[in-house]
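Chemist: sequence first, then the predicted structure:
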Amino acid sequence: MTFLLSLCASVVNVLCLPLHVIHALGLYNIYKRLFPFCMNRLSKGYNKKMHDKKKELFRHLSEFKSGGRLTILEVGCGTGTNFEFYPPGSKVICTDPNPHFQKYLKRCMEENEQLTYERFVVASGEDLGSVEDESVDAVVCTLVLCSVTSIPQTLREAQRVLRPGGGFFFLEHVSADPSTWAHSFQHVLQPLWYYFGDGCELTRQTWRHVEAAGFSELKLRHIEAPFMFMIRPHIMGHGVK
């Protein structure tokens with residue numbers, strides 16, 4: 001079976017050669033313009049299957065309200081598919097490194113009038129410099145830590161902008177158990193998946209970084225999501241600054 005996996009990996013790497021060339025020539029940015037359109041469609045299916053899990057995760061958001069209303073910073077907001085789960089009256093600040101998501105984001109905000117949309121900032125999770133220290137009640141990261149350049153730096157930024165006692169909420173797909181075939185094929189398909197997912201990595205042990213981030217309290221659990229084997233393993237939970 002090791003030979004079969006090696007063969008599959010070789011085939012995938014050969015298939016990725018044109019993508020490597022496209023990326024090297026700077027033409028991959030064309031896909032970055034199309035990626036929000038793809039994610040807008042895929043996110044709806046994801047939300048439908050993960051509705052109960054998201055509802056369970058975000059039901060704790062209201063516990064972190066410190067003032068008149070809850071202030072939420074969503075890192076890697078994408079098309080805004082989490083908005084329907086936020087408590088009515090919340091103020092939302094959105095960031096994403098891809099500016100082309102804004103069109104879909106505005107549409108989603110119009111559909112969720114129970115929220116106040118403060119601003120959209122083009123920024124990566126590793127650099128949230130436009131958000132002040134200790135200025136938000138909650139930071140939300142869903143399907144984001146799989147594609148950031150540095151998970152530890154993203155978590156440091158989340159803790160910086162959180163007020164003392166604020167909450168960091170996460171829902172991420174992660175690496176499968178090393179003893180499984182799913183884990184092996186995640187590694188085989190990773191080069192192709194990287195381009196399809198605009199930098200997404202299947203093999204990250206994200207929970208290790210979250211556990212090492214120094215939250216005063218952490219509720220983290222592993223779940224099996226109802227998707228193809230490559231993205232079935234997930235973690236979800238929240239940490240307290």
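Modeler: Right, received. Where do you want to start?
Chemist: which helices and strands sit right next to the top strand by length along the chain?
Modeler: Among the segments of the chain that qualify as a strand by DSSP state E, the longest is strand 162-173. Under the contact definition 3 or more CB pairs under 8 Å, 6 or more residues apart in numbering; DSSP states H and E, strand 162-173 sits against helix 51-58, strand 136-142, helix 151-161, strand 233-240. C-beta coordinates here come from the backbone N, C-alpha and C atoms, glycine included.
Chemist: most packed of the ones you listed?
Modeler: strand 136-142 (a mean of 27; mean count of other CB atoms under 10 Å).
Chemist: what angle separates that one from strand 162-173?
Modeler: Taking axes from the mean of the first three to the mean of the last three CA atoms, to 10 degrees, one finds strand 136-142 and strand 162-173 inclined to each other by 10 degrees.
Chemist: who touches strand 136-142?
Modeler: 54, 58, 61, 64-67, 70-76, 82, 93, 125, 154, 158, 161-163, 166-172 (CB atoms under 8 Å, 6 or more residues apart in numbering).
Chemist: how does it look with 7 Å?
Modeler: 61, 64-66, 70-76, 82, 93, 158, 161-163, 166-171 (CB atoms under 7 Å, 6 or more residues apart in numbering).
Chemist: how about stretch 225-240?
Modeler: Contacts for stretch 225-240 (CB under 7 Å, 6+ apart): 49-50, 53, 57, 60, 165, 167-176, 182, 185-186, 189, 202, 206-207, 210, 213, 215-224.
Chemist: quick check on these: which are buried?
Modeler: Among the contacts of stretch 225-240, those buried by neighbour count (16 or more other CB atoms under 10 Å) are 50, 57, 167-176, 182, 185-186, 189, 202, 206-207, 210, 213, 215.
Chemist: tell me the first helix or strand C-terminal of the strand or helix carrying V14.
Modeler: Assigned by DSSP states H and E, V14 belongs to helix 2-15. Next helix or strand after helix 2-15 toward the C-terminus (DSSP H and E): helix 17-24.
Chemist: buried residues of that following helix, list them for me.
Modeler: For helix 17-24, by 16+ other CB under 10 Å, it's L19.
Chemist: give the rounded mean pLDDT of it.
Modeler: Averaging pLDDT along helix 17-24 yields 80.
Chemist: same deal with stretch 40-50?
Modeler: pLDDT averaged over stretch 40-50 gives 92.
Chemist: for V131, which non-adjacent residue is closest in space?
Modeler: Counting by CB to CB, 6 or more residues apart in numbering, V131 lies nearest to V161, which is 4.6 Å off, once chain neighbours are set aside.
Chemist: mind listing what that neighbour touches?
Modeler: Contacts for V161 (CB under 7 Å, 6+ apart) come out as 73, 128, 131, 133, 135-136, 139.
Chemist: highest neighbour count among these?
Modeler: V139 (31 neighbours; other CB atoms under 10 Å).
Chemist: which one is that one nearest to, not counting chain neighbours?
Modeler: Of all residues not flanking V139 in the chain, A158 sits nearest, at 4.4 Å (CB to CB, 6+ apart).
Chemist: S124: what secondary structure?
Modeler: Under DSSP: H, G, I helix; E, B strand; the rest coil, S124 falls in the coil class.
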